[in-house]
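Trainee: need coordinates for the following:
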Amino acid sequence: MYLTAEVTLQEEVVEGIYRLCIFTPTIASLAYPGQFAMIRGWEGYDPLLSRPLSFHRIDFQCGQVEFVYKVVGRGTALMSKWRPGHRVAVLGPLGNGFPAPVAPAVAVIGRGMGTVPLLPLVESARREGIGVFSFLSASHAGGLVDLDRFMSCSDQVFVRTDDGSLGAPGVVSEDLERVAKSTQLSAIYCCGSRRLARAARDLAIFLRIPAYVSLEAHMGCGVGACKGCVCETKDGYSKVCKDGPVFELNEVVF
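Mentor: I've put the predicted structure just below:
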């Protein structure tokens, strides 16, 4: 069932990337890191489908959730025009989120927009007193959304950009391997890059710790009815929206 909610903030973070905050106490009280919502706020049926957005921040005390999205088509272009007070329809929280982090410390590894669903997990771990090591990468510095928030909630943040505009060129999986040699990690969480996910999977197997991945996919319904967002796993095909978007990393076929 869709709930009616109100936009409280809309701002362009960098060119083409927006921050959207929505007041919806019911969803904020139920949402969990790694889950998502289906959102629409335009009249008529063009576009026909709602847009899936991962939770970027969850504030159950203020009854508000925050999303960060990139304008990539007609739906997100219309979304970018919303202003505070605009009424939207929201279905959520949907999907399976990240398993709760446990002590002593966890690693999160994300690339580009894949860092978006990782922030609620990092903030949750910090509130519970669990150590966090963040490994973030993007093609350029502007692609690292809310780096300051990751830095405020992490014991250490490692940054890599392809063009060297922030941090050193290279891959953050190298930093992860180095930290894993001197730090006891309880789990690895990742999103945004298949190559990084494969590296995280191999390291987790070597360390004998669990690893999880949040998959990105085009979605039609968000509840598993349309079967439009399947991914391949060791047990066959699964629906990203209903069976995921978070999966055990070693179960996904990349």
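Trainee: just checking, what packs against the longest strand along the chain?
Mentor: Looking across the chain with DSSP state E, the single longest strand is strand 3-14. Packing partners of strand 3-14 (3 or more C-beta pairs under 8 Å, 6 or more residues apart in numbering; DSSP states H and E): strand 17-23, helix 25-30, strand 64-70, strand 87-94. In this view, the C-beta of every residue, glycine as well, is placed from N, C-alpha and C.
Trainee: give me the mean pLDDT for the first one.
Mentor: For strand 17-23, the mean pLDDT works out to 98.
Trainee: neighbouring contacts of it?
Mentor: Around strand 17-23, the neighbours that count as contacts under C-beta atoms under 8 Å, 6 or more residues apart in numbering are 5-13, 39, 53, 56, 63-71, 79-80, 82, 88, 90, 113, 142, 145.
Trainee: and for the shortest one?
Mentor: With C-beta under 8 Å, 6+ apart as the contact definition, helix 25-30 has outside contacts at 3, 5, 37, 58-60, 62-65, 90, 92-93.
Trainee: what about stretch 178-189, how long is it end to end?
Mentor: Its first and final residues considered, stretch 178-189 spans 17 Å by C-alpha to C-alpha, to the nearest Å.
Trainee: could you dump the helix or strand containing Met38 to CSV, C-alpha only?
Mentor: Following DSSP states H and E, one finds Met38 within strand 36-40. What follows is strand 36-40, C-alpha atoms only, in CSV (Å, rounded to 0.1, in the frame of the first residue of the first chain):
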residue,chain,number,x,y,z
PHE,A,36,14.5,0.7,-0.5
ALA,A,37,11.2,2.4,-1.4
MET,A,38,9.2,2.8,-4.6
ILE,A,39,8.3,6.5,-5.2
ARG,A,40,6.2,8.4,-7.6
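Trainee: nearest residue to the residue minimising distance to the centre of the chain other than its sequence neighbours?
Mentor: Centroid-nearest residue in the chain, with C-alpha atoms, centre = their mean: Pro117, separated by 1.6 Å. Spatial nearest neighbour of Pro117, excluding adjacent residues (C-beta to C-beta, 6 or more residues apart in numbering): Ser54 at 3.9 Å.
Trainee: ok, now how distant is Gly244 from Val108?
Mentor: Counting by C-beta to C-beta, to the nearest Å, the separation of Gly244 from Val108 is 17 Å.
Trainee: do Phe247 as well
Mentor: Phe247 is 16 Å from Val108, by C-beta to C-beta.
Trainee: more neighbours, the two?
Mentor: More crowded of Phe247 and Val108, by other C-beta atoms under 10 Å: Val108, with 29 against 19.
Trainee: give me the residues contacting the helix or strand encompassing the more buried one.
Mentor: Element membership of Val108 [criterion: DSSP H and E] is strand 105-111. Contact with strand 105-111 is made by 116, 118, 121-122, 125, 130-138, 155, 172-173, 176, 179-180, 183-193, 196, 200, as judged by C-beta under 8 Å, 6+ apart.
Trainee: re earlier: mind putting the contacts of helix 25-30 in TSV, neighbour count, distance to Val253 and pLDDT included?
Mentor: Shown next, in TSV, are these (neighbours: other C-beta atoms under 10 Å; distance: C-beta to C-beta, whole Å; pLDDT from 0 to 100):
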residue	neighbour count	distance to Val253	pLDDT
Leu3	15	36	95
Ala5	25	37	97
Ala37	27	27	98
Ile58	23	30	97
Asp59	15	36	96
Phe60	13	36	93
Cys62	12	40	95
Gly63	16	39	97
Gln64	20	37	98
Val65	28	32	98
Val90	21	32	97
Gly92	24	28	96
Pro93	20	27	97
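Trainee: now, which of those sits nearest Asp46?
Mentor: Proximity of these to Asp46 (C-beta to C-beta) peaks at Val90, which lies at 19.6 Å.
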